[in-house]
Structure formats: structure tokens, C-alpha cells
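>>> Build me a structure from this.
(one chain, ligands or ions: 1)
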Amino acid sequence: MKQESSKIKIDTLIISDSHLGDSTTRCRKLLGVIRKYEFRRLILNGDIVNGLHFQRFNSEHWDILSEFRKLSKQSEVIWVHGNHDAAANILSRLLGVKVVNKYIWEENGKKFLAIHGHQFDRFLHNNMIISYVAFVTYRFLKRVDKTEFLVNLIRNRSKTWRRNSLDVARGALRLAQMLNCDYVFCGHTHQFYQSKKRGTEYFNSGCWVESPCGYITITANKVVVNQLD
Ligand SMILES: [Mn+2]
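Numbers count the residues shown, from 1 in each chain. Below you'll find the model as predicted:
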């Protein structure tokens with residue numbers, strides 16, 4: 001219990017797109033963040049694991065999963081389904097976490113919504129095969145190009161990527177307004193992004209497989225986007 005007191009107290013921690021099983025996940029940084037805070041609620045906002053490829057998990061990937069298991073005994077841990085979370089239903093029982101398609105909670109008079117965001121990605125839905133090829137190519141590039149020069153170039157130049165980021169924000173804001181939510185949180189695009197529409201605020205929590213990586217903290221309705229190198 002000595003350790004607990006040194007932790008920063010927050011209401012909610014949101015992370016997304018850790019893609020555990022991918023060799024590029026920033027595991028140590030992610031573990032550092034999970035251990036730095038004391039929270040009542042941890043939202044794993046999708047694409048936490050990379051499909052069903054458990055053989056690709058290294059010891060750090062497993063460490064993170066066992067941390068989730070530990071946390072689920074003392075706080076609320078919610079796993080929101082992402083498009084790469086094929087393993088969520090299997091793992092959730094092991095970890096003792098709840099798996100949902102979207103999650104709504106209320107606190108301090110405000111209503112919050114967490115949803116991964118692939119539901120609003122029109123390109124992904126209309127071009128399943130192209131999307132898959134693009135994803136595999138992108139992952140390959142990330143593996144061979146250690147400097148991430150090419151990956152960043154593609155990501156920054158690609159109109160599709162930018163449009164997806166806007167699509168997701170727009171779709172998420174629309175749903176949040178339908179559900180009378182004040183805040184909506186997504187992942188999926190791997191890009192930090194914030195926007196606001198008629199009083200509803202949208203936040204994208206980025207990812208853990210590229211720089212910058214990061215996460216979102218909420219304390220007394222104050223939302224902070226934290227970016228790490
Ligand atoms: Mn996704």
C-alpha cells in the first residue's frame with residue numbers, strides 16, 4: 001500500500017490501440033503510465049491486442065495483460081471492442097474485464113461515451129480488401145523502417161488517413177449528440193485529434209505503436225491528452 005500513495009489520483013484513464021502482439025508496441029512506456037496513476041475506471045478503447053496471434057506476444061505484452069487483470073480487482077476495467085480485438089472475448093474472462101461495443105458513464109453531472117471509432121470509418125467498410133492490404137503493408141514498413149521515416153511520411157501525406165480522422169470525429173460527435181453525451185472518446189486512427197460541435201467534445205487518444213504515443217486522463221471533468229515521444 002506504500003506505493004499507492006505516491007500515485008497520481010484521477011477518475012478515468014483511457015488508452016487505445018496498444019496492438020499487443022505487435023513488435024512496435026511501446027510496452028515499457030505503457031506499463032509506466034498504467035502504474036503512475038490511481039484511477040477508478042480504466043477504459044481500454046479498442047485494438048488493445050493484435051488479432052489472435054498469441055505466439056507473437058513477448059513477456060512485456062503478457063505483463064501488460066496481467067496488469068489489467070490485477071487492476072480489474074480494484075477498479076472498473078472496460079474493454080471496448082476494436083476492429084483488431086478478435087481475442088477480446090477469450091481474454092476478457094481470463095482478465096476479469098467487461099467487453100462492450102461502446103461504453104457510457106456519468107460523472108459530476110456530465111455524460112461520457114467511449115467507442116473505438118472503426119464504426120465511423122467509411123473507407124474501412126467500403127474497401128475491406130484494400131484496407132487489409134494497406135494495413136499489412138503499413139505494418140511491414142513499420143517493422144523494416146526503424147526510423148519510421150516512411151511510415152510518418154505516408155501517414156502525414158495520405159489524404160485517406162486524414163479524411164478517416166475527420167470521418168471518425170464527425171461520426172463520433174453525431175452519435176454522442178444522439179445519446180446526449182458531453183464528451184466522446186475514440187481511438188482507431190492512431191492520430192491525436194480534438195474537436196467540438198455544439199457543446200460536445202471529441203478526443204482521440206492516439207496509439208502506442210507510433211511516436212508520439214499517449215493517453216487521456218479525466219479528473220473532475222477536466223480532460224487531458226497526454227503525449228509521449
Ligand atoms: Mn482500429
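>>> residues contacting residue 58?
For residue 58, the contacting residues are residue 27, by CB atoms under 8 Å, 6 or more residues apart in numbering. In this view, the C-beta of every residue, glycine as well, is placed from N, C-alpha and C.
>>> switch the cut-off to 10 Å
Residue 58 is in contact with 20-21, 23, 25, 27, counting by CB atoms under 10 Å, 6 or more residues apart in numbering.
>>> For the protein, which segments are assigned as helices?
Using DSSP state H, the helices of the chain run over residues 2-5, 27-36, 59-71, 88-95, 122-126, 128-144, 149-157, 159-178.
>>> mind checking which of those is nearest residue 112?
Shortest distance between residue 112 and the helices of the chain, using CB to CB, is found for helix 159-178: 9.1 Å.
>>> in that closest one, what's buried?
Judged by neighbour count (16 or more other CB atoms under 10 Å), helix 159-178 contains these buried residues: 161, 164-165, 167-169, 171-173, 175-176.
>>> what separates the closest residue in space to residue 185 that isn't next to it in sequence from residue 62, distance-wise?
Sequence neighbours aside, residue 114 is the residue nearest to residue 185 in space, at 4.7 Å (criterion: CB to CB, 6 or more residues apart in numbering). Using CB to CB, to the nearest Å, we find residue 114 at a distance of 25 Å from residue 62.
>>> how deep is the residue nearest to residue 185 tucked in, by neighbour count?
Residue 114: 30 surrounding residues under other CB atoms under 10 Å.
>>> Is it in contact with residue 204, as I believe?
No - with contact defined as CB atoms under 10 Å, residue 114 does not reach residue 204; the gap is 11.4 Å.
>>> So, low pLDDT: which residues of the protein?
By pLDDT under 70, the low-scoring segments of the chain are 1-5, 123-133, 146, 150, 153-162.
>>> how about the residues of it near the ion?
Contact residues, the chain versus the ion (CB under 5 Å from the ion): 47, 82-83, 118, 188.
>>> Most widely separated two among those residues?
47 and 118 (8.4 Å).
>>> between these two, who's got more neighbours?
Neighbour count, other CB under 10 Å: between residue 47 and residue 118, residue 47 has more, with 29 against 21.
>>> Find the nearest non-adjacent residue to that one, please.
Nearest residue to residue 47 in three dimensions, chain neighbours excluded: residue 82, at 3.6 Å (CB to CB, 6+ apart).
>>> Spatially, which residue comes closest to residue 207, not counting chain neighbours?
Leaving aside its sequence neighbours, residue 207 is closest to residue 17 (3.5 Å, by CB to CB, 6+ apart).
>>> Give me the buried stretch members for stretch 47-63, please.
Quick answer for stretch 47-63 (16+ other CB under 10 Å): 47-50, 57, 61.
>>> and the end-to-end length of that stretch?
One end of stretch 47-63 sits 17 Å from the other (CA to CA, to the nearest Å).
>>> same thing with stretch 16-26?
First residue to last in stretch 16-26 (CA to CA) measures 12 Å.
>>> Run the chain-centre distance for it.
Centroid displacement of stretch 16-26 relative to its chain, using CA atoms, centre = their mean, to the nearest Å, is 10 Å.
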